[in-house]
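[1] Coordinates only, no sequence provided:
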């Protein structure tokens, strides 16, 4: 009986405090991050809140901060197995501020919300609009061939496994169709976006992106009182010497622009405010 009592006290004191009455993990955030990230990355992230890593033409072009999770495995399976020449990886830790709990799945499906978002142009050394137009589309066969007809954002569609086409008129690349895929695993949610048409960079003509050669993914991991956001951008094209710095700056600006869009929408949803990039830009002028 004494042994049983001792074991009960051990479990009550040492194990039960890990979780609160409502099942919330009460360990500090660095300990929780270390469950899914390299401990060194977890420690750095807690200190800095954001980490950006860029690679161009390196021998190892694998992501270094990808959380260990079922969602990460599902998302990785959708990305091209071909080695990219550019890889940008951004990870961020955000403490929830409430009072509302945003529906991340609806934010990621708000394709029209990308219209008007801005990025920092290294060429012009100023903030510029990334997507002049952004909306969901569907393929329609006509007597003149295939056309893309605008549709509403798929906010009421089933999320996990959803695929949707989108039209982005990009201020740099031009007018192209992209494919969005959505995934969910427990409370973790993500999206993967790839180009469906060949794209040539107007300022760097040697950069020619075949279909599926440019991908951007964004995943949100729910850590109770925090969210962990992991963004990944990859591009596959022939390695060109002496332009690595320029390529890194160009693609990383796009990566952080999409992250900033997500966070702007998330913070608006926390406060119960309707988000619009165009309204935000107008209010800043």
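    Cool, got the structure. No experiment lies behind these values; they were computed from the predicted model shown.

[2] All the helices of the stretch 101-250 of the chain, residue numbers only.
    With DSSP state H, counting those that start in this stretch applied, the stretch 101-250 of the chain shows helices at 104-108, 244-271, listed in chain order.

[3] Out of the ones you listed, flag the one nearest residue 88.
    helix 244-271 (4.7 Å; C-beta to C-beta). No exception for glycine: its C-beta is placed from N, CA and C like everyone else's.

[4] In terms of secondary structure, what does that closest one contact?
    For helix 244-271, the packing partners by 3 or more C-beta pairs under 8 Å, 6 or more residues apart in numbering; DSSP states H and E come out as strand 50-56, strand 86-95, helix 104-108, strand 118-121, strand 214-222, strand 226-235, helix 277-284.

[5] which of the helices of the stretch 101-250 of the chain sits most buried?
    Greatest average neighbour count among those goes to helix 104-108 (a mean of 21), per mean count of other C-beta atoms under 10 Å.

[6] now it, how far from the centre of its chain.
    From the chain centre to the centre of helix 104-108 is a distance of 11 Å (C-alpha atoms, centre = their mean, to the nearest Å).

[7] could you give me the average pLDDT of stretch 126-135?
    The average pLDDT within stretch 126-135 is 94.

[8] So what touches that stretch?
    Stretch 126-135 is contacted by residues 111-121, 150-151, 153, 166-171, 175, 254, 257, 281 when judged by C-beta atoms under 8 Å, 6 or more residues apart in numbering.

[9] Then stretch 147-163?
    105-106, 109-113, 135-140, 164-165, 167, 177, 179-184, 189.

[10] Could you find the closest non-adjacent residue to the residue nearest in space to the middle of the chain?
    Central residue of the chain (C-alpha atoms, centre = their mean): residue 218, 1.6 Å from the mean position. Nearest residue to residue 218, sequence neighbours excluded (C-beta to C-beta, 6 or more residues apart in numbering): residue 231, at 5.0 Å.

[11] before we move on, the earlier item: wait, which of the helices of the stretch 101-250 of the chain is closest to residue 96?
    Closest approach to residue 96 among these (C-beta to C-beta): helix 244-271, 7.2 Å.

[12] now that closest one: mean pLDDT?
    For helix 244-271, mean pLDDT is 94.

[13] I'd like to check the angle between that helix and strand 226-235, please.
    Following axes from the mean of the first three to the mean of the last three C-alpha atoms, to 10 degrees, one obtains 150 degrees for the angle between helix 244-271 and strand 226-235.

[14] ok so, going back, output the helices and strands packed on helix 244-271 in CSV; the columns should cover distance to residue 264.
    Formatted as CSV, these follow (distance: least, C-beta to C-beta, whole Å):
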stretch, distance to residue 264
strand 50-56, 15
strand 86-95, 12
helix 104-108, 10
strand 118-121, 11
strand 214-222, 13
strand 226-235, 13
helix 277-284, 7
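
[15] Mean pLDDT and distance to residue 248 added to these, as CSV?
    Formatted as CSV, those follow (pLDDT from 0 to 100; distance: least, C-beta to C-beta, whole Å):
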stretch, mean pLDDT, distance to residue 248
strand 50-56, 98, 4
strand 86-95, 98, 7
helix 104-108, 97, 26
strand 118-121, 89, 13
strand 214-222, 97, 15
strand 226-235, 97, 10
helix 277-284, 54, 25
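
[16] among the ones you listed, which is nearest residue 202?
    Of all the helices and strands packed on helix 244-271, strand 118-121 sits nearest to residue 202, with 13.0 Å by C-beta to C-beta.
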